[in-house]
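Novice: With the sequence up front, the predicted model follows.
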Amino acid sequence: MRILVIGASGFVGFPVAQALVRGGHVVYGVTRLESKAKKLAAEEIVPIVAETIDPSPWLPLVSTLDAVIEAIGGWDVEMLSPQVLTAVSDAATKYRPLHAPKLTYIYTSGAHTHSMSKDIVTDTTPITQSGIETSRWRPEFEHKVATHTILNGIVIRPAIMYGRSGSFLALMFQAARKGECIKWYGAPGARYSLLHQDDLGEMYRLAVEKSAILGGICFDAANDFSESVDDILHRLVEVSGASGYEYVGPQTPLERGLASSLRLRPYLARSLLGWQPRKAGLSDHMEIYYNAWKASL
């Protein structure tokens, strides 16, 4: 298969592109930074340097692609994601042969699209309101992708990611590295649903390969178990040498999201894709993950 990954040098896009390459596919990776192109090429990912809002360097590829994966990050995704969807849809209409199959479009959302709750939620739990302020636009956009008339739309909602450079948990690791008391957001008793970036990459590979029969589905992506935030912080203190930890009141939308519990029990990827996470949990292998994060600096 020929696959384009938009945001291929990012925390989600890079392991996804790597997994697709390992699966034997031809992968094109869009990155905004020239400095990241060599990193992609070294992984046998064909680099395309382009601004997200300027799709002209990759639009002609759409005529021969099997799938496009949108995995962009940053605080401007609410503006950029609709623009990318429109660009791909317009390109599919313009460039693809008349009787070609629908181009698969996989949109990377987030598990915090679900409402924050101590109750267990699944892929098919109705979303009545978004979980955190920065995700309130996502349910409507997910629906737009899943019901798209031109593209074969699929949505994947990763849980909080860990591994390598740490993603949002890098905030926690940065505090620990100072050797002082770790200040984290919320109160005792919260639980996180988590997923290692390698396991997410494998899920995307399976979703792409079976995409012809998956149109319109929204998948949650998480480990089989949630983890106690208290346990995570306790283990981080042990392996980092920090003096301890304490909870503080969240002030920003991101902090309020990190202060909330989310307990996912996804089943669609297991039943439809045969996917199963393999990596150890964050608490169990905290020393490995913390040292990997330090090495990535």
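Specialist: Okay, I see it. None of the values given here were measured: they were computed from a predicted structure.
Novice: The closest residue to residue 33 other than its chain neighbours: neighbour count?
Specialist: The shortest distance from residue 33 to any non-neighbouring residue, by C-beta to C-beta, 6 or more residues apart in numbering, is to residue 9 (6.8 Å). Backbone N, C-alpha and C define where each C-beta goes, glycine included. As a burial measure, residue 9 scores 21 neighbours (other C-beta atoms under 10 Å).
Novice: Please apply the same query to residue 191.
Specialist: So residue 191, with other C-beta under 10 Å, has 18 neighbours.
Novice: What distance do you get for it to residue 288?
Specialist: Per C-beta to C-beta, to the nearest Å, residue 191 is found 22 Å from residue 288.
Novice: who's in contact with the residue nearest to residue 33?
Specialist: By C-beta atoms under 8 Å, 6 or more residues apart in numbering, the contact list for residue 9 reads 29, 31, 33, 36, 39-40.
Novice: who wins for most neighbours among those?
Specialist: In those, the most neighbours by other C-beta under 10 Å go to residue 29, 33 neighbours.
Novice: quick one: it is in a strand?
Specialist: Yes - counting by DSSP: H, G, I helix; E, B strand; the rest coil, residue 29 is found in a strand.
Novice: close enough to count as contact, it and residue 8?
Specialist: Yes - with contact defined as C-beta atoms under 8 Å, residue 29 reaches residue 8; the gap is 2.8 Å.
Novice: what residues are shared contacts of these two?
Specialist: With C-beta under 8 Å, 6+ apart, residue 29 and residue 8 have common neighbours 17, 40, 45, 47.
Novice: could you dump those residues to a markdown table with distance to residue 267, secondary structure and pLDDT?
Specialist: Below are those laid out as a markdown table (distance: C-beta to C-beta, whole Å; DSSP: H, G, I helix; E, B strand; the rest coil; pLDDT from 0 to 100):
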| residue | distance to residue 267 | secondary structure | pLDDT |
| --- | --- | --- | --- |
| 17 | 26 | helix | 98 |
| 40 | 33 | helix | 97 |
| 45 | 31 | coil | 98 |
| 47 | 36 | strand | 97 |
